[in-house]
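**Student:** Have a look at this prediction, sequence included:
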Amino acid sequence: MDQPHALLVASPGLGHLIPILELGNRLSSVLNVHVTILAVTSGSSSPTETEAIQAAVARGTCEVTELPSVDVDNLVDSDATVFTKIVVKMQAMKPTFREAVKSMKRKPTVMIVDFLGTGLMPVADDVGVTAKYVYVPSHAWFLAEMVYLPVLDKVIEGEYVDIKEPMRIPGCRSVGPDDLMETVLDRSNQQYRECVRIGEEVPMSDGVLVNTWEELQGNTLDALREDGELSRVMKIPVYAIGPIVRNNGPIKRPNSIFEWLDKQRDRSVVYVCLGSGGTLSLEQTIELAWGLELSGQRFLWVLRRPISYLGASSRDDDDQVSASLPEGFLDRTRGMGLVVTQWAPQVEILSHGSIGGFLSHCGWSSVLESLTKGVPIVAWPLYAEQWMNATLLTEEIGVAVRTSVLPAKKVIGREEVASLVRKIVAEEDEEGRKIRAKAEEVRVSSEQAWAQGGSSHSSLFEWAKQCRLMS
């Protein structure tokens, strides 16, 4: 009997490519299926995209094919957002995608698209792939808002940000103005219309795989499945198969970051990194620096060039980045902190015993990398669904503290930065002790979810039987 074949489709951008690569690796290693990944890259592949693809190929678990990108400038507004360009690009890829699938030597048993690629699902029917699923690399609350958005679009008038009461999502947490996804802030924008379309198309699949686990979000998952208004919108099975995150890679020695971390006490360092796109204003960078210094806690800061410094398009340079810091900062904090201006291996850093907290932009991949290591979070959401993630982490899961206002709306002052960092890392802070204990509890539950017979392990096998990847 031929080995079952899973076809995964990744949208452009590292934030969409890596989750699909990791899902492919998990399907191959756990279910022993053949995995092909069609990766729609960002035009000319960025070095990080290329590196991620090469690493996946080197592991030998997945076959990865890059699909040449198409020009969609004539299909989007001149000021179209990145989100809009990606989803329109995925729809425009239909002819290329169809030919790529038809040319495969072995026919796929199942097709999985990430949620930005739902426009490609009709191609599955064209090429005879009867099982088609959507992968949501985010959490269950995000999924609930996404599929319920078409309902809200019909019943709510005006802009969502102007509504004083939180928007009700049946059976799960309501969405307040500071929790909204960036894509729904302007209902006249093309990205909002695309977001509504995706919400309509997800339930047209045969089911959804979501990167969370039962013990973390059981109530929201129940609302998506059990008989009720939300499940009647959803209509299809939801499989919680998380956490799916990158594994630790080898560390090249000597490495200055880890040589420094090795000298620090257990759980004494706050790791500061706002993601590959997490650049701050010059004013905010200065306040963050002063806050780290005032906190008296040890820190490892992966610092990007401020967006107001020498223009956003110029390349990162150590001297340019360092020049954005307060005068004398590096000298005063020598030994107490380490500033890194180049790429840093985040998973390996979060795995180090000296890391006691993570000041993060709250991208879901970063959140999972932190929670699976038992590291609590200082939530610093910047864009996309990160505002929602910050609320989830602080108010529902209880593994984080967050800024008093959204950083997108106001510069966060140094005193507040210092207070947040101390709360997470300082041993004597009572609230911090509770948050650290909860983070450890979540770490344990994340491991149990993927243990033999655990909730996510069982959910993946249930899905595999449903789509006939295994008998």
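**Tutor:** Perfect, thanks for sending it.
**Student:** Mind checking what secondary structure V35 has?
**Tutor:** strand (DSSP: H, G, I helix; E, B strand; the rest coil).
**Student:** let me redo that: E66
**Tutor:** strand.
**Student:** That one reaches I37, doesn't it?
**Tutor:** No - applying Cβ atoms under 8 Å, one finds E66 not in contact with I37, separated by 9.4 Å. C-beta coordinates here come from the backbone N, C-alpha and C atoms, glycine included.
**Student:** Name the residues contacting each of the two.
**Tutor:** Counting by Cβ atoms under 8 Å, 6 or more residues apart in numbering, no residue touches both E66 and I37.
**Student:** So for those two, which sits in the more crowded spot?
**Tutor:** Neighbours per residue (other Cβ atoms under 10 Å) separate E66 from I37, with I37 holding more: 24 against 15.
**Student:** any idea how far S11 is from Q386?
**Tutor:** For Q386, the distance to S11 equals 18 Å [Cβ to Cβ, to the nearest Å].
**Student:** repeat for V270
**Tutor:** 32 Å.
**Student:** One more: K438?
**Tutor:** For K438 relative to S11 (Cβ to Cβ), the value is 33 Å.
**Student:** So the two - more neighbours on which side?
**Tutor:** The neighbour comparison of K438 against S11 (other Cβ under 10 Å) goes to S11, with 24 against 17.
**Student:** I'd guessed that one sits against T118; true?
**Tutor:** No - using Cβ under 8 Å, S11 is not in contact with T118, being 10.2 Å away.
**Student:** quick one: what helix or strand has the spatially closest residue to T65 that is not a sequence neighbour in it?
**Tutor:** With sequence-adjacent residues excluded and distances taken as Cβ to Cβ, 6 or more residues apart in numbering, T65 is closest to L38, at 5.5 Å. Assigned by DSSP states H and E, L38 belongs to strand 34-40.
**Student:** for E259, same thing?
**Tutor:** helix 256-262.
**Student:** Give the next helix or strand downstream of whatever helix or strand S366 lives in.
**Tutor:** Using DSSP H and E, S366 sits in helix 364-371. Heading C-terminal from helix 364-371, the first helix or strand you meet, by DSSP H and E, is strand 377-379.
**Student:** mind listing what's buried in stretch 68-87?
**Tutor:** 69-70, 72, 76, 80-81, 83-87 (16 or more other Cβ atoms under 10 Å).
**Student:** ditto for stretch 104-117
**Tutor:** Those would be 108-117, for stretch 104-117 by 16+ other Cβ under 10 Å.
**Student:** picking that back up, which element is encountered next along the chain beyond the helix holding E259?
**Tutor:** From helix 256-262, the next helix or strand downstream (DSSP H and E) is strand 269-273.
**Student:** Mind listing what's buried along that next one?
**Tutor:** Buried residues in strand 269-273, counted by 16+ other Cβ under 10 Å: 269-273.
**Student:** Tell me the one of those nearest D227?
**Tutor:** Set against D227, the nearest of the buried residues of strand 269-273 by Cβ to Cβ is C273 (42.5 Å).
**Student:** quick one: pLDDT of the closest one?
**Tutor:** You'll see C273 listed with a pLDDT of 96.
**Student:** do D429 as well
**Tutor:** In this model, D429 carries a pLDDT of 83.
**Student:** quick one: which helix or strand includes the residue nearest to it when sequence neighbours are not counted?
**Tutor:** Nearest residue to D429 in three dimensions, chain neighbours excluded: K423, at 5.1 Å (Cβ to Cβ, 6+ apart). K423 belongs to helix 414-425 when assigned by DSSP H and E.
**Student:** Kindly report the same for L149.
**Tutor:** Assigned by DSSP H and E, L149 falls in helix 140-155.
**Student:** Give the next helix or strand downstream of the helix or strand bottoming out on mean pLDDT in the chain.
**Tutor:** Within the chain, no helix or strand scores below helix 318-322, which has a mean of 67 by mean pLDDT, DSSP states H and E. As assigned by DSSP H and E, the chain's next helix or strand after helix 318-322 is helix 329-332.
**Student:** Now the helix or strand following that following helix: average pLDDT?
**Tutor:** Note on helix 329-332: by DSSP H and E, the next helix or strand toward the C-terminus is strand 337-340. Mean pLDDT, computed over strand 337-340, is 95.
**Student:** Which residues does strand 337-340 contact?
**Tutor:** For strand 337-340, contacts defined as Cβ under 8 Å, 6+ apart pick out 256-257, 260, 292-293, 298-303, 322, 325, 330.
**Student:** Just the CA atoms of the helix holding K423, as CSV, please.
**Tutor:** The C-alpha coordinates for helix 414-425 follow below in CSV (Å, rounded to 0.1, in the frame of the first residue of the first chain):
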residue,chain,number,x,y,z
ARG,A,414,10.7,53.9,32.0
GLU,A,415,9.2,53.5,35.4
GLU,A,416,6.4,51.3,34.1
VAL,A,417,9.0,49.2,32.1
ALA,A,418,11.1,48.8,35.3
SER,A,419,8.0,47.8,37.3
LEU,A,420,6.9,45.2,34.8
VAL,A,421,10.3,43.6,34.5
ARG,A,422,10.8,43.4,38.3
LYS,A,423,7.3,41.9,38.7
ILE,A,424,8.2,39.0,36.3
VAL,A,425,11.9,38.4,37.3
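**Student:** just how off-centre is it within its chain?
**Tutor:** Taking the mean of its C-alpha atoms, helix 414-425 sits 24 Å from the chain's own mean (Cα atoms, centre = their mean, to the nearest Å).
**Student:** What angle do strand 269-273 and that helix make with each other?
**Tutor:** 120 degrees (axes from the mean of the first three to the mean of the last three Cα atoms, to 10 degrees).
**Student:** helices or strands up against the helix or strand just after helix 414-425?
**Tutor:** Along the chain past helix 414-425, the next helix or strand (assigned with DSSP H and E) turns out to be helix 430-449. Helices and strands touching helix 430-449, by 3 or more Cβ pairs under 8 Å, 6 or more residues apart in numbering; DSSP states H and E, are helix 214-225, helix 364-371, strand 400-402, helix 414-425, helix 455-466.
**Student:** Just the residues contacting the fourth one, thanks.
**Tutor:** Right, the one you point to is helix 414-425. 267-270, 287-288, 290-292, 294-299, 356-357, 359, 376-378, 401-404, 429, 431-432, 435-436.
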